[in-house]
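*Asks:* model the following, please.
(one chain, ligands or ions: 1)
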Amino acid sequence: MQLYTYYRSTSSYRVRIALALKGLAYQSLAVNLLAGEQRAPAYLAVDPQGRVPALRVEGGQVLIQSGAIIEYLEERYPQVPLLPGDALARARARGIAALIGCDVHPLHNVSVLNRLRGLGQDEAQVQDWIRAWISDGLAAVEQLLEDSGWCLGPQPGLADVYLIPQLYAAERFSVALAAWPRIQRVAALAAGHPAFAQAHPAAQADAPSVQ
Ligand SMILES: N[C@@H](CCC(=O)N[C@@H](CS)C(=O)NCC(=O)O)C(=O)O
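*Replies:* Numbering: from 1, shown residues only. Model prediction:
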């Protein structure tokens, strides 16, 4: 498999975690979002939306959208499941994933921020906007997590796959996690887990040596 990815992209980071948790080998193909490579014709032929991640699977088909890619991996490689067997528990995990993937991350995506800047918002306003959406989202996630273990149980799963990259973005945009002890507990578990370490932005070949 080949993953079109950018080291700092939280959506790519989700897929990298899912691949690593499942022990799946893949080749990383870096798309430099800062340099605008996502809008180059060659990449638009891969993903007409011009976003990462995209995953080229065996047989050559390209899948887009991290949620769809992760669900594909879950169905195709069910060993090391990311979703529990119980339908209600699956819905809880998907709820946290959607909260982060639909209601937080899109509001601080590069193209959305550039649109805000284009509408005349100054950088301080843009940074406030980012921090507000991340803080509101994480405050809600905190209420949805279990009191011990990973987000929703003793093993890492879909909710963790979404939460950890969002925490990387929180740190990048100076959102403090101090008010959220459950989230801090999950972050500490991920910091000591090899699959999460392998997927971390700093471990990617396209990451600059000083971030
Ligand atoms: N809903 C998409 C979001 C993908 C997305 O927005 N990716 C960002 C990086 S995290 C991107 O490629 N941004 C480039 C741009 O907005 O120009 C997913 O989950 O895959």
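*Asks:* buried stuff in the helix or strand of the chain with the lowest mean pLDDT?
*Replies:* Sorting the helices and strands of the chain by mean pLDDT, DSSP states H and E puts helix 110-118 at the bottom, at a mean of 95. Buried residues in helix 110-118, defined by neighbour count with 16 or more other C-beta atoms under 10 Å: 113, 116. All C-beta atoms are positioned from the backbone trio N, CA, C, and that covers glycine.
*Asks:* that helix packs against which elements?
*Replies:* Contacts of helix 110-118 with other secondary structure elements, assessed using 3 or more C-beta pairs under 8 Å, 6 or more residues apart in numbering; DSSP states H and E, are made with helix 123-144.
*Asks:* got the angle for the helix it packs on vs helix 110-118?
*Replies:* For helix 123-144 and helix 110-118, the angle between their directions (axes from the mean of the first three to the mean of the last three C-alpha atoms, to 10 degrees) works out to 140 degrees.
*Asks:* still on that earlier bit, give me the contacts around the least confident helix or strand of the chain.
*Replies:* With C-beta atoms under 8 Å, 6 or more residues apart in numbering as the test, helix 110-118 has contacts from 33, 106, 123, 125-126, 129-130.
*Asks:* apply 7 Å and report the result again.
*Replies:* Counting by C-beta atoms under 7 Å, 6 or more residues apart in numbering, helix 110-118 makes contact with 33, 106, 126, 129, all of which sit outside it.
*Asks:* give me every residue in the chain lying close to the ligand.
*Replies:* Taking C-beta under 6 Å from any ligand atom as the contact definition, the chain meets the ligand at 9-11, 33, 38, 50-53, 65-67, 101, 109-111.
*Asks:* so which of those is the most crowded?
*Replies:* Highest neighbour count within these: residue 66, with 28 neighbours (other C-beta atoms under 10 Å).
*Asks:* please report phi then psi for residue 4.
*Replies:* phi -80, psi 120 (degrees, to the nearest 10).
*Asks:* please look at it and residue 51 and confirm they touch.
*Replies:* No - with contact defined as C-beta atoms under 7 Å, residue 4 does not reach residue 51; the gap is 9.3 Å.
*Asks:* check which helix or strand covers residue 186.
*Replies:* Under the criterion of DSSP states H and E, residue 186 resides in helix 181-191.
*Asks:* output the below-cut-off pLDDT ranges for this protein.
*Replies:* Across the chain, residues meeting the criterion (pLDDT under 70) sit at 210-211.
*Asks:* the residue of the chain most remote from its centre: what secondary structure?
*Replies:* Farthest-out residue of the chain from its mean C-alpha position, per C-alpha atoms, centre = their mean: residue 120, at 28.5 Å. Classification of residue 120 into helix, strand or coil gives coil, according to DSSP: H, G, I helix; E, B strand; the rest coil.
*Asks:* against residue 154, how distant is residue 76?
*Replies:* 25 Å (C-beta to C-beta, to the nearest Å).
*Asks:* and the closest residue to residue 178 other than its chain neighbours, how far from residue 21?
*Replies:* Once flanking residues are discounted, residue 178 sits nearest to residue 184: 7.8 Å by C-beta to C-beta, 6 or more residues apart in numbering. For residue 184, the distance to residue 21 (C-beta to C-beta) stands at 21 Å.
*Asks:* before I go, just wanted to say thanks for your time.
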